[in-house]
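Student: The sequence and its predicted three-dimensional model are supplied below.
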Amino acid sequence: MGLAEDAALRYHRDGYLSPIPVFSPAEALAYRAKLEAIEASGLLPAGALRSKCHLLLTWVDEIVRHPNVLDAVEGIIGPNILVWGTSFFIKEPRNKSFVSCHQDLTY
């Protein structure tokens, strides 16, 4: 599943590209169930889903190596792909906490 011809141009113009369909509904539900199960298990240390969780969880590694994900990324940046980090930012429905927009600092 490749991107539309103008996708890379839109990404470079806008700085993002969305939506990019890469999973079937069944695949998406299966991955969500895995995330909810690991959250409920209490097996991960605090913050483990916040940095490089593809090194801890084989199913997250499956996601970053999924052919449709790789095809989409390759369509924008080319074939030399390295996954440096993965993270989940989770805010449960009806949670009253406030999450503001932010931008990471230049490292």
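Tutor: Yep, that arrived. Numbering: from 1, shown residues only.
Student: switch to C-alpha atoms for all contacts and neighbour counts from now on
Tutor: OK.
Student: Please verify my assumption that Phe88 contacts Leu49.
Tutor: Yes: using C-alpha atoms under 8 Å, Phe88 is in contact with Leu49, at 5.7 Å.
Student: check contacts around Phe89.
Tutor: Neighbour list for Phe89: Arg50 [criterion: C-alpha atoms under 8 Å, 6 or more residues apart in numbering].
Student: so what pLDDT did the residue of the chain most remote from its centre get?
Tutor: Most distant residue from the mean C-alpha position of the chain: Lys96, 24.1 Å away (C-alpha atoms, centre = their mean). In this model, Lys96 is scored at 85, pLDDT.
Student: same check, this time on Leu56
Tutor: With respect to pLDDT, Leu56 scores 87.
Student: quick one, strands of the protein?
Tutor: Ranges of strands in the chain, per DSSP state E: none exist.
Student: Just give me how far the longest helix along it sits from the chain centre.
Tutor: With DSSP state H setting the assignment, residue counts place helix 25-41 as the longest helix in the chain. Its chain's C-alpha centre and that of helix 25-41 lie 13 Å apart, by C-alpha atoms, centre = their mean, to the nearest Å.
Student: Also stretch 21-32?
Tutor: On the basis of C-alpha atoms, centre = their mean, stretch 21-32 sits 12 Å off its chain's mean C-alpha point.
Student: Just the mean pLDDT for it, thanks.
Tutor: What stretch 21-32 shows for mean pLDDT is 94.
Student: circling back: outside of the longest helix of the chain, which residues touch it?
Tutor: Under C-alpha under 8 Å, 6+ apart, the answer for helix 25-41 is Leu44, Trp59.
Student: With just CA atoms, put that helix into CSV.
Tutor: Extracted in CSV, the C-alpha atoms of helix 25-41 (Å, rounded to 0.1, in the frame of the first residue of the first chain):
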residue,chain,number,x,y,z
PRO,A,25,-10.0,-2.5,11.4
ALA,A,26,-9.4,-6.1,12.8
GLU,A,27,-5.6,-5.4,13.0
ALA,A,28,-6.1,-2.1,14.7
LEU,A,29,-8.5,-3.7,17.3
ALA,A,30,-6.0,-6.5,17.9
TYR,A,31,-3.2,-4.0,18.6
ARG,A,32,-5.4,-1.9,20.8
ALA,A,33,-6.3,-5.0,22.8
LYS,A,34,-2.6,-5.8,23.3
LEU,A,35,-2.0,-2.2,24.5
GLU,A,36,-5.0,-2.4,27.0
ALA,A,37,-3.8,-5.8,28.2
ILE,A,38,-0.3,-4.6,29.0
GLU,A,39,-1.7,-1.5,30.7
ALA,A,40,-4.0,-3.6,32.8
SER,A,41,-1.3,-6.2,33.7
